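K.L.:
below are the sequence and a predicted model; questions follow.
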Amino acid sequence: MGYGRVGSLVGSALARAGDKMVVIETSDDSLDKARLDGAEVFNGNAAEPQILGAANLAGARRLFVTIPEPFEAGQVVQQARAANPALDILARAHSDAAVEHLKGLGATLVVSGEREIAERMVERARGKTPLT
Ligand code: AMP
């Protein structure tokens, strides 16, 4: 859900691995990119039940919630968890409050951009990551 800066990086990696993917997007440019990466695409707001329902979450293995707005992301997570209790739901967040919100609604893993950046910098400062 969301094929912008974050979602398209995830999608390119999935496409390289030959994984089947379904993308829901509101932007025509992002939809074009997803199509080129081999995704089945749906145009619309992923938080809308009719749009999300088209993605057949009951038959999915994993969901990447890469839309940036935490309230909309939460609506997606909540509906997805209800549709498929076994689904691996990976969500994006930009604050500790959003992390808690998304976990509380059923996300399996919530990745916070700012926290990941800080952790990578600290790892590097402690000599734990190779020079690139
Ligand atoms: P970025 O912040 O660059 O990773 O881009 C976020 C992407 O999510 C953009 O391509 C938006 O069009 C898309 N997006 C944002 N909100 C929604 C939503 N509710 N449903 C579907 N796509 C969305």
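P.N.:
That came through fine.

K.L.:
now Val110: how far from Asn84?
P.N.:
With distances taken as C-beta to C-beta, to the nearest Å, Val110 is found 18 Å from Asn84. For glycine as for every other residue, the C-beta is placed from the backbone atoms N, C-alpha and C.

K.L.:
more neighbours: which of the two?
P.N.:
Neighbours per residue (other C-beta atoms under 10 Å) separate Val110 from Asn84, with Val110 holding more: 24 against 18.

K.L.:
what does the pLDDT read for the more buried one?
P.N.:
At Val110, the model reports a pLDDT of 98.

K.L.:
point out where the chain drops to low pLDDT.
P.N.:
Scanning the chain with the threshold set as pLDDT under 70 gives 129-132.

K.L.:
show me this protein divided up by domain.
P.N.:
The chain resolves into domains spanning 1-44, 60-132 when parsed by automatic domain parsing.

K.L.:
now check the last one, is it near the ligand?
P.N.:
In this case it means domain 60-132. Yes - Domain 60-132 lies within reach of the ligand by C-beta under 6 Å from any ligand atom, at 66-69, 72.

K.L.:
look up phi and psi at the closest residue to Ala107 other than its chain neighbours.
P.N.:
Nearest in space to Ala107, with sequence neighbours left out and distances taken as C-beta to C-beta, 6 or more residues apart in numbering, is Ala91 at 4.2 Å. Main-chain dihedrals, Ala91, degrees, to the nearest 10: phi -120, psi 150.

K.L.:
Ala91 contacts Val65, correct?
P.N.:
Yes - Ala91 is within contact range of Val65, at 4.1 Å (criterion: C-beta atoms under 8 Å).

K.L.:
so what sits against both of those two?
P.N.:
By C-beta atoms under 8 Å, 6 or more residues apart in numbering, Ala91 and Val65 have these common neighbours: 73, 77, 102, 107.
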